[in-house]
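> what follows is a predicted structure for the sequence shown.
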Amino acid sequence: MLNKNVQTFIACDSEYQDSKIVLFGAGFDGTTSFRPGTRFAPAAIRNESFGIETYSPYQDKDMLDYSFFDSGDLELPFGSVSRTLADIASRTDAILTDEKMPFMIGGEHLVTLGSVMAVNDRFHDLHIVHFDAHADLRDDYLGQKLSHACVLRRCHELVGDDHIYQFGIRSGDRDEFLFAKDHTHMHKFDFEGLEETLELLKDKPVYFTLDLDVLDPSIFPGTGTPEAGGVSFDDLRKAVTMVCSKLNIVGCDVNELSPVYDQSGVSTAVACKIIREMLLALS
């Protein structure tokens, strides 16, 4: 007997009702300011995920022991940023309605705003933990307020002062860093201060957004805006494991893989392994 071909992220093929974590893809790069291509990331990640194991020797946990559901990619409209964000918010809200955790695979970083909009409507006193090379705190980029360069600024308008904790930041214009001094908690260059942040936020609802260009581009060249410097794979693995295992994560995303810029496939493999570690740490 033949069965239909349904491709999911590795081991994320459990029944919806049995799963506490629900993946979905948001392949959007409509405001990318340098190199486009992140729209292809969710499909590439699903395909390449079968090159890694379900078992994590780092955590001594196996995905086969848990239930994860992959709901597939959103069919996002071309040419309408507002409709794209609304569609992402709608999928996130549907998952939250069923008391499950939304796990979004982007896409450029603006997709985070759609998910945060829905999560913020549901959770009082929401905090955001943000790993990235870029501050993403511009008020506008070339006159546009809805841009991947502005996403954390728009999120700040939702959650308010002292509710965003940023790590790994090594790029931005002067105004972004000045804004961060008064409105966010920015930790430049690496994850120094993360353990203290986890202690501060341990009783708060937290949205975790990971821009993979926080990594050194020699490890992760497949991204739209590579930024010299950055953290190692193992530093990131340890950091995401701590965030996902120690905080009350109510939603999360991984974004900014642009697979076409790394023909070796290594960047996609890195993304897959980080997602595996996050899923297991959340379980």
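Here it is on my side, so go on.
> and the pLDDT at the closest residue to P205 other than its chain neighbours?
Spatial nearest neighbour of P205, excluding adjacent residues (C-beta to C-beta, 6 or more residues apart in numbering): F123 at 4.0 Å. Quick note: C-beta positions are derived from backbone N, CA and C, even for glycine. For F123, the pLDDT comes out at 97.
> likewise R35?
Model confidence at R35 (pLDDT) stands at 83.
> that one belongs to a strand?
No. Going by DSSP: H, G, I helix; E, B strand; the rest coil, the assignment for R35 is coil, not a strand.
> burial of it, as a residue count?
15 (other C-beta atoms under 10 Å).
> isn't it up against G224?
Yes. If you go by C-beta atoms under 8 Å, R35 and G224 touch, sitting 4.5 Å apart.
> quick one: common contacting residues for these two?
258, 261 (C-beta atoms under 8 Å, 6 or more residues apart in numbering).
> give the buried residues for stretch 174-185.
Buried residues in stretch 174-185, defined by neighbour count with 16 or more other C-beta atoms under 10 Å: 176, 179-180, 183-185.
> and that stretch, how far from the chain's centre?
22 Å (C-alpha atoms, centre = their mean, to the nearest Å).
> and the contacts of that stretch?
So stretch 174-185 is contacted by 135-139, 152-153, 156, 161-162, 164-166, 169, 186, 197 (C-beta under 8 Å, 6+ apart).
> equivalent analysis for stretch 78-96, please.
The contact list for stretch 78-96 (C-beta under 8 Å, 6+ apart) reads 22, 24, 26, 28, 30-31, 71, 74, 76-77, 101-102, 104, 110-111, 113-115, 117-119, 121-122, 146, 250-251.
> which members of these occur in strands, if any?
Using DSSP state E, the members of the contacts of stretch 78-96 that fall in strands are 22, 24, 26, 71, 101-102, 104, 250-251.
> can you lay out those as a markdown table showing neighbour count and distance to R237?
Listed next are the ones in strands among the contacts of stretch 78-96 as a markdown table, based on neighbours: other C-beta atoms under 10 Å; distance: C-beta to C-beta, whole Å:
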| residue | neighbour count | distance to R237 |
| --- | --- | --- |
| V22 | 22 | 23 |
| F24 | 22 | 23 |
| A26 | 29 | 23 |
| S71 | 18 | 26 |
| M101 | 17 | 20 |
| P102 | 24 | 22 |
| M104 | 26 | 20 |
| V250 | 19 | 22 |
| G251 | 26 | 21 |
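> returning to what we had before: next, the residue nearest to P205: phi, psi?
When quoted as degrees, to the nearest 10, the phi and psi of F123 stand at phi -120, psi 120.
> what do you get for the one 4 residues further on?
Dihedral angles of H127 (phi, psi; degrees, to the nearest 10) stand at phi -120, psi 160.
> shouldn't it be in contact with T209?
No. H127 lies out of contact with T209 (C-beta under 8 Å); the separation is 11.5 Å.
> helices - which of the buried residues of stretch 174-185 land there?
Members of these lying in helices (criterion: DSSP state H): 176, 179-180, 183.
> residues touching the closest residue in space to G27 that isn't next to it in sequence, list them.
Nearest residue to G27, sequence neighbours excluded (C-beta to C-beta, 6+ apart): R39, at 4.1 Å. Contact analysis of R39 by C-beta under 8 Å, 6+ apart lists 27-29, 107.
> redo that, cut-off 7 Å
27-29 (C-beta atoms under 7 Å, 6 or more residues apart in numbering).
> can you pick the most crowded of those?
Neighbour-wise, those (other C-beta under 10 Å) top out at F28, 29 neighbours.
> tell me where the stretch 51-200 of the chain has strands.
Ranges of strands within the stretch 51-200 of the chain are 55-56, 61-62, 68-73, 101-106, 127-131, 164-169, 185-188, based on DSSP state E, counting those that start in this stretch.
> what mean pLDDT does the helix or strand V240 falls within have?
For V240, the host element (DSSP states H and E) is helix 233-246. Mean per-residue pLDDT for helix 233-246: 98.
> and that helix, which residues are buried?
Within helix 233-246, the residues scored as buried using 16+ other C-beta under 10 Å are 235-246.
> so, low pLDDT: which residues of this structure?
1-5, 30 (pLDDT under 70).
> which residues of it fall in helices?
Taking DSSP H, the helices of the chain run over residues 41-48, 81-97, 111-122, 151-159, 174-183, 194-201, 233-246, 266-282.
> if we can go back for a sec, run through the neighbouring helices and strands of the helix holding V240.
Here helix 233-246 touches helix 194-201, strand 205-211, helix 266-282, going by 3 or more C-beta pairs under 7 Å, 6 or more residues apart in numbering; DSSP states H and E.
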